[in-house]
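# give the three-dimensional model of this entry:
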Amino acid sequence: YLPHFRHAVRQGRPAWVMTAYNKVNGSYCGENAHLVTDILKGDWGFQGAVMSDWVWGLTDGAKALGAGLDLEMPIADAMADVAARVVSGEIDAARLDDAVRRLLRVRRTFDAVERITPSEAVVRGDAHLGLARDVAAASMVLLENDGVLPIAEGARVAVVGRLADLDNTGDRGSSNVPYADVVTPLAGLRSRFADTVPVPTDTPTEADLAAIAEADVAVVVVGLTWEEEGEGIFATSAADRDDLALPAAHEVLVAQVAATGVPVVVVLEGSGPLLLASVAPVVGAVVMAWYPGQEGGSALADLLSGDVDFAGRLPMAWPAAEDQLPAYDPTALSVAYGPLHGWRWLEASGAVAAYPFGHGRSYAPSTVAVDAVPATWTLGQPFEVTGRVDGVETVQVYLRPDAPDALPAPRVLAGFARASGPFRIAIDPAWIARWDADAARMAVETGGWTVEVGVSSDAIVATAAVRLIAPD
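Here you go, the predicted model:
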């Protein structure tokens with residue numbers, strides 16, 4: 001992440017940096033404290049403030065302050081005695097002065113910004129709700145489709161599952177966003193398809209299953225809620241899922257509906273990957289809706305009807321099995337991971353994802369053709385990949401170094417664009433920079449690289465060699 005954050009800092013964008021602390025010894029990220037003091041605030045000239053994660057983020061206020069922390073959130077706990085420790089000489093007063101200056105600078109910056117609270121009419125107006133609907137539709141990802149989608153006009157649609165009629169918009173912790181009105185999947189589909197069969201339960205009766213069997217298609221909404229993941233359950237658990245399995249009751253529900261013989265569309269709700277080995281083979285289509293917000297049901301109806309085409313693409317890879325990922329122990333006091341994670345971890349280990357990074361299907365066919373990739377790239381000069389899309393597609397550009405140690409991963413996503421017709425994707429060298437500890441700076445490996453252009457990480461349509469050279 002360093003290249004991207006460095007770019008943002010140089011642009012003067014961040015006012016705050018939030019970080020976690022080593023709760024075992026009370027220091028800022030152990031041996032990595034120099035990243036804040038020497039690099040962020042020194043080399044990069046960051047003028048903002050660094051604050052802790054919220055609630056019990058550190059145990060030793062003196063160590064944290066000395067390592068670059070400026071503010072403990074949400075209250076002074078480990079830092080409650082900072083003033084006394086300055087007087088005693090345990091804490092350098094100059095470090096405290098620096099922290100106070102940074103906090104005052106941020107405060108004055110925000111005070112100078114005019115803050116406008118929109119009226120209820122604006123928040124609940126057509127433009128606002130229309131934007132929420134468009135964003136929800138653009139974010140949903142069509143993972144599978146054997147032709148059952150889009151649903152034909154006039155079809156009888158069974159809408160199944162407890163989540164189909166639940167206001168399921170995400171976490172109940174610090175990220176909770178209350179909505180005045182939520183369009184559920186059932187409400188959205190009812191407004192689009194006149195002949196709907198509502199079965200908003202995870203335990204359908206024999207009569208329910210008989211009614212589902214008479215439908216032309218069944219939309220089964222399953223997945224997760226704040227009760228299975230997120231800060232809303234922090235008081236009773238680690239707030240993380242223990243596994244990536246779909247809830248067992250939902251696997252049973254999908255199997256029951258599929259056994260009726262009706263074509264099945266599974267709509268998933270939740271924050272991230274779910275294992276679908278028992279679900280995908282018995283259904284016709286799978287849609288990842290995430291937590292789609294207050295207009296999610298309307299957006300889902302737009303997509304399933306074909307009024308709007310699917311445009312969402314996965315921002316992570318979905319593993320086929322949990323053993324493809326690093327071992328997970330929610331009770332561990334410390335965990336040592338290297339720089340590889342997510343789709344880069346899967347690629348480096350040779351694992352084949354169930355759904356690769358960047359994956360997503362659409363109704364309309366498309367083809368991507370690459371027109372030009374420059375053979376050389378002088379660092380500091382623009383570098384663009386150009387081509388054309390017949391249809392609409394999210395074109396993705398990956399860079400793979402010839403030297404295996406030029407990046408901590410086999411390759412990186414270096415640029416992307418949603419395109420129809422001609423496209424031009426500019427590549428920022430920050431995407432392929434890595435930290436040079438000896439030089440204490442970000443650096444890009446010159447030499448040979450391969451440019452890969454595709455529609456997902458495992459669907460590359462064109463490759464080209466490029467040589468990166470240092471400027472004169």
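
# ok, longest helix in the protein?
For the chain, the helix with the greatest residue count under DSSP state H is helix 93-111.

# starting at the chain centroid, how far to that one?
The chain centroid and the centroid of helix 93-111 are separated by 32 Å under C-alpha atoms, centre = their mean, to the nearest Å.

# for stretch 139-157, same thing?
With C-alpha atoms, centre = their mean, you get 24 Å for stretch 139-157.

# ends of it, what's the gap?
Start to finish, the residues bounding stretch 139-157 are 23 Å apart (C-alpha to C-alpha, to the nearest Å).

# tell me which residues of that stretch come out buried.
139-145, 148-151, 155-157 (16 or more other C-beta atoms under 10 Å). C-betas here are computed from N, CA, C, even on glycine.

# before we move on, back to that, which SSE is immediately downstream of the longest helix of the chain?
Scanning forward in sequence from helix 93-111 by DSSP states H and E, the next helix or strand is helix 120-123.

# so after that next one, what's the next helix or strand?
Next along from helix 120-123, by DSSP H and E: helix 126-139.

# contacts for that following helix, please.
122, 289-290, 292-296, 298-300, 302-303, 308, 311-312 (C-beta atoms under 8 Å, 6 or more residues apart in numbering).

# following that helix, which helix or strand shows up next?
strand 141-145.

# what residues are up against the nearest residue to Pro356 once chain neighbours are set aside?
Distances taken as C-beta to C-beta, 6 or more residues apart in numbering put Asp458 closest to Pro356, at 4.2 Å, once the chain neighbours are dropped. Neighbouring residues of Asp458 by C-beta under 8 Å, 6+ apart: Ala353, Pro356, His359.

# how does it look with 10 Å?
Taking C-beta atoms under 10 Å, 6 or more residues apart in numbering, we find Asp458 in contact with Ala317, Trp343, Glu347, Val352, Ala353, Tyr355, Pro356, Phe357, Gly358, His359.

# of these - the most surrounded one?
Ala317 (27 neighbours; other C-beta atoms under 10 Å).

# list the contacts for that residue?
Contacts of Ala317 by C-beta under 10 Å, 6+ apart are 273, 324-325, 342-347, 351-359, 456-458.

# tell me the pLDDT at it?
On the pLDDT scale, Ala317 is placed at 97.

# quick check: it vs Asp181, distance?
Look at Ala317 and Asp181: by C-beta to C-beta, to the nearest Å, they are 35 Å apart.

# pLDDT weak spots in the stretch 351-472 of the chain?
The model of the stretch 351-472 of the chain has no residue with pLDDT under 70.

# center of the protein - which residue?
Pro315 (5.6 Å; C-alpha atoms, centre = their mean).

# now the closest residue to it other than its chain neighbours: how far from Ala289?
Closest residue to Pro315 apart from its sequence neighbours, by C-beta to C-beta, 6+ apart: Phe357 at 7.7 Å. For Phe357, the distance to Ala289 (C-beta to C-beta) stands at 19 Å.

# the closest residue to Leu40 other than its chain neighbours: neighbouring residues, count only.
Excluding its sequence neighbours, the residue lying closest to Leu40 (C-beta to C-beta, 6+ apart) is Phe46, at 4.7 Å. Residues lying near Phe46 (other C-beta under 10 Å) number 23.

# and Phe46, that one's in a helix?
No: going by DSSP: H, G, I helix; E, B strand; the rest coil, the assignment for Phe46 is coil, not a helix.

# residue farthest from the centroid of the protein?
Distance to the chain centre peaks in the chain at Ser88, reaching 45.9 Å (criterion: C-alpha atoms, centre = their mean).

# got the contact list for that one?
Shown in contact with Ser88 (C-beta under 10 Å, 6+ apart): Asp81.

# need the pLDDT of it.
Predicted confidence (pLDDT) for Ser88: 90.

# could you give the backbone dihedrals for it?
The phi/psi pair for Ser88 (degrees, to the nearest 10) reads phi -80, psi -10.

# coming back round to it: ok, the residue nearest to Leu40 to Asp38 distance?
Taking C-beta to C-beta, one finds Phe46 at 11 Å from Asp38.

# overlap in contacts of these two?
Shared contacts of Phe46 and Asp38, counting by C-beta under 10 Å, 6+ apart, come down to Gly68.

# which residues belonging to stretch 85-102 are considered buried?
Judged by neighbour count (16+ other C-beta under 10 Å), stretch 85-102 contains these buried residues: Val86, Ile91, Arg95, Leu96, Asp98, Ala99, Arg102.
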